[in-house]
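>>> sequence below, structure please.
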Amino acid sequence: MYRLGEMVVEWDLFLAGSMLRLLLQRPTVASRRRLTTSRVYCDSVSLKEGCVVGEGIQGFTESDSCSNEVSFRRQLFVESPQFRNLIRILRERAWGPITELALQEFAEGLTPRLVAEVIRHQEVDSAFRFFEWAKKQEGYCHDVHSYNAMVKKLAASQNFTVAGEILKEMKRVGSEVNSYTFVPFIVHYGKAGMVRRALGTLNCMNTFNFRSDKRIGFHLTQVLESNSDKVPGVEDILAHIDFSNREAFETLIICLGRAGKVDHAEKLLEEMEIRGFTPNVNNYAILVDCNCRAGRVGRAFELINLTQQKGLQPDASVFNPLIYLQCQSGSIEGALKLFEDMGKRGCNANSVTYNILISGYFRRGQIDEAIATLSRMLVEGPVPTEFTWGVIFRGLFLSGHLGKIVEIVDDSIRRGITLYRESLNYVLQRLCKNGKFEEAEKLFNKMLGGVCIPNSHSYSIMMKGCFSAGKVEKAKELYKNMKDRGCNPTPVVYLCLITGLCDVCEFKEAAQMVEEMIELCSDLELDHSTNSTILRKLSQSGMLNESLKFSWHIANNRLTVRKIELQSLMILLCEKGLNNEATNLNSELWKRGCVVHAL
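Numbers count the residues shown, from 1 in each chain. Below is the predicted model of the structure:
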């Protein structure tokens with residue numbers, strides 16, 4: 001059993017108001033950013049021991065930016081009666097025997113994911129006590145989800161010792177770990193200025209036989225960059241970090257190099273070779289890139305020569321940073337010399353190399369040279385990627401050559417060159433916005449013919465183009481075609497149709513679209529921007545019944561709407577003498593946390 005110790009809680013009016021909103025508001029990804037109301041300090045531990053004794057790592061920006069799937073799964077727990085009852089009990093009572101007795105009523109069917117979600121919605125003290133209570137329940141066992149949630153909560157409050165004890169428990173029971181287990185230690189050690197302990201997380205990962213991934217590397221780089229004056233010397237790092245595998249070397253070489261500690265990174269590469277881990281081309285490519293970022297062009301060239309002296313054949317990844325640097329500085333001639341030098345050294349350019357050159361030409365306004373480079377790319381072999389087409393289409397559009405885009409697309413389709421849907425969607429959007437609906441329609445028909453199957457975004461662009469061109473029936477036809485082909489409508493599609501139909505005064509069909517959208521609500525992610533735009537359009541069109549129905553739909557499903565649109569609807573209802581309806585609706589929307597102040 002662990003002890004948390006005394007909590008020091010400082011409340012002000014802002015925090016109190018924010019917490020009140022959290023109590024009322026429907027939990028979303030954004031509202032899960034926790035208020036840290038406690039700080040528990042622990043004794044320092046040596047870097048060699050690292051996370052094993054409680055020192056660790058911090059969180060990741062993407063850990064709060066969950067995928068739609070994770071967000072939807074969490075929402076299932078948040079909306080469940082069991083979750084609501086657990087949260088109610090924890091918020092209404094201070095922890096004690098009575099609280100535990102009340103929780104016992106809802107202990108049946110407890111799962112690690114549910115426990116994790118409860119932990120996320122509690123202050124650290126309450127969360128930890130609930131975590132301890134949960135593992136005593138019959139038939140329940142913590143897994144990586146509940147462990148990670150508790151570790152993150154403790155690390156955020158700087159209680160690294162207890163968080164480290166939980167890692168020991170995970171090791172003892174053989175629990176699965178992932179990058180989200182270690183990221184909180186890295187992040188919060190970094191915020192506390194404990195760079196050595198953040199680095200020591202790598203030792204902890206080794207005890208779990210867990211190898212660093214991009215998420216770990218990203219956050220470690222952030223920590224080193226924000227605490228550059230506290231980064232220990234190479235000798236200190238070598239003395240305290242376990243470099244028994246090359247992954248530890250490669251992780252720190254990348255992180256130190258990207259954080260501006262290029263000399264540290266180069267010394268680690270030398271030590272890596274001394275310890276029997278032979279450097280590869282990718283290791284040198286990383287150092288070339290880091291030297292270019294630091295403006296050390298001469299050293300970057302020396303490393304390219306060193307790569308060949310070591311008997312390694314440089315590839316495009318070694319030259320690309322230098323070519324990019326030349327293009328960024330406006331020296332396209334210097335970039336071309338490097339491009340030719342690649343060939344002389346037996347190195348073939350890849351799609352990234354061509355993308356850099358094409359982008360450099362567009363930056364200097366050399367449109368013909370950019371297109372010639374694309375033609376050369378098609379002849380010499382690297383297949384254009386979605387990014388390549390994005391660079392080409394955007395460059396041509398910004399330079400006023402919209403017609404040239406159509407020519408390139410037609411030529412590519414005729415030659416059987418792979419095009420990408422989102423790139424073509426960009427072309428469709430630009431054609432429609434510039435009044436070239438007929439050309440957009442021709443391209444869209446080619447997509448339907450098999451060039452690239454349109455998605456909901458493609459259809460929404462074309463529907464919007466139809467309304468702008470006054471082709472209302474064509475927009476309806478596209479909607480029907482979309483559903484016939486099995487392409488499910490998205491909120492953007494409904495937004496486009498509802499606003500377009502209201503603009504041409506076809507209110508009956510707009511009302512039908514609102515009804516259909518409401519029926520499909522559980523399958524759609526309606527955000528406050530979409531809701532607000534639809535509500536504003538319905539109100540401006542005088543469709544009071546639909547406005548009220550949609551507003552109650554927002555309230556009943558705990559969706560969100562902007563305050564300004566709600567106020568406009570309230571004024572309209574009062575002007576029509578519907579004061580009671582306005583009062584009831586306004587009260588429910590605020591009570592359920594559905595109103596946001598975003599402008």
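>>> so where's the stretch 51-200 of the chain shaky on pLDDT?
51-79 (pLDDT under 70).
>>> helices of the stretch 151-300 of the chain, start to end?
Using DSSP state H, counting those that start in this stretch, the helices found in the stretch 151-300 of the chain span residues 160-173, 179-191, 195-207, 214-226, 234-240, 246-258, 262-274, 281-293, 297-309.
>>> what is the distance between the first one and the centre of its chain?
Distance, stretch centre to chain centre, for helix 160-173: 28 Å (C-alpha atoms, centre = their mean, to the nearest Å).
>>> try the third one
Helix 195-207 sits 25 Å away from the centroid of its parent chain (C-alpha atoms, centre = their mean).
>>> what packs against it?
Identification of packing neighbours for helix 195-207 by 3 or more C-beta pairs under 8 Å, 6 or more residues apart in numbering; DSSP states H and E yields helix 160-173, helix 179-191, helix 214-226, helix 234-240, helix 246-258. Heads up, the C-betas are built off the backbone N, CA and C, glycines and all.
>>> please apply the same query to the second one.
Using 3+ C-beta pairs under 8 Å, 6+ apart as the contact criterion, the secondary-structure elements in contact with helix 179-191 are helix 144-156, helix 160-173, helix 195-207, helix 214-226.
>>> what residues sit buried inside the second one?
Read it as helix 160-173. 160, 161, 162, 163, 164, 166, 167, 170 (16 or more other C-beta atoms under 10 Å).
>>> dump those into CSV; add distance to residue 335 as well.
Output for the buried residues of helix 160-173, formatted as CSV (distance: C-beta to C-beta, whole Å):
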residue, distance to residue 335
160, 48
161, 53
162, 54
163, 49
164, 50
166, 52
167, 48
170, 50
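>>> can you give me the strands for this protein?
561-562, 595-596 (DSSP state E).
>>> deepest of the ones you listed, which one?
Comparing the strands of the chain by mean neighbour count (mean count of other C-beta atoms under 10 Å), strand 561-562 ranks first with a mean of 24.
>>> that one pairs with which strands, and in what direction?
Its sheet considered, strand 561-562 pairs with strand 595-596 (parallel) by DSSP bridges.
>>> winner for burial among the helices and strands packed on helix 195-207?
Highest mean neighbour count among the helices and strands packed on helix 195-207 (mean count of other C-beta under 10 Å): helix 179-191, with a mean of 26.
>>> what angle sits between that one and helix 160-173?
Helix 179-191 runs at 160 degrees relative to helix 160-173, counting by axes from the mean of the first three to the mean of the last three C-alpha atoms, to 10 degrees.
>>> what about residue 553, neighbour count?
18 (other C-beta atoms under 10 Å).
>>> and what of the one 10 residues further on?
When neighbours are counted by other C-beta under 10 Å, residue 563 registers 16.
>>> before we move on, back to that, lowest-confidence stretch among the strands of the chain?
Note on the strands of the chain: lowest mean pLDDT is at strand 595-596, with a mean of 70.
>>> re earlier: make CSV from the helices and strands packed on helix 179-191 and add distance to residue 532 to it.
Putting the helices and strands packed on helix 179-191 into CSV (distance: least, C-beta to C-beta, whole Å) gives the following:
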stretch, distance to residue 532
helix 144-156, 32
helix 160-173, 41
helix 195-207, 42
helix 214-226, 34
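>>> now for the ones you listed, which one comes closest to residue 587?
Distance to residue 587, taken as C-beta to C-beta, is lowest for helix 144-156 among the helices and strands packed on helix 179-191, at 34.1 Å.
>>> low pLDDT regions in the chain?
Residue ranges of the chain with pLDDT under 70: 1-79, 521-525, 596-599.
>>> about what we covered before: can I get the helices of the stretch 151-300 of the chain in a markdown table with distance to residue 122?
Putting the helices of the stretch 151-300 of the chain into a markdown table (distance: least, C-beta to C-beta, whole Å) gives the following:
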| stretch | distance to residue 122 |
| --- | --- |
| helix 160-173 | 15 |
| helix 179-191 | 16 |
| helix 195-207 | 25 |
| helix 214-226 | 24 |
| helix 234-240 | 35 |
| helix 246-258 | 33 |
| helix 262-274 | 40 |
| helix 281-293 | 42 |
| helix 297-309 | 50 |
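>>> which of those sits closest to residue 516?
That would be helix 179-191 among those, by C-beta to C-beta, at 38.5 Å.
>>> C-alpha coordinates for that closest one, CSV please?
Extracted in CSV, the C-alpha atoms of helix 179-191 (Å, rounded to 0.1, in the frame of the first residue of the first chain):
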residue,chain,number,x,y,z
SER,A,179,4.9,4.2,-25.0
TYR,A,180,2.0,5.9,-23.0
THR,A,181,3.4,4.1,-19.9
PHE,A,182,6.7,6.0,-20.1
VAL,A,183,5.8,9.3,-21.8
PRO,A,184,4.3,10.9,-18.7
PHE,A,185,7.6,10.6,-16.8
ILE,A,186,9.6,12.1,-19.7
VAL,A,187,7.2,15.1,-20.1
HIS,A,188,6.8,15.9,-16.4
TYR,A,189,10.5,15.4,-15.5
GLY,A,190,11.2,17.9,-18.3
LYS,A,191,8.7,20.4,-16.9
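>>> re the thing from before, make CSV from the strands of the chain and add distance to residue 376 to it.
What follows is the strands of the chain, written out as CSV (distance: least, C-beta to C-beta, whole Å):
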stretch, distance to residue 376
strand 561-562, 50
strand 595-596, 51
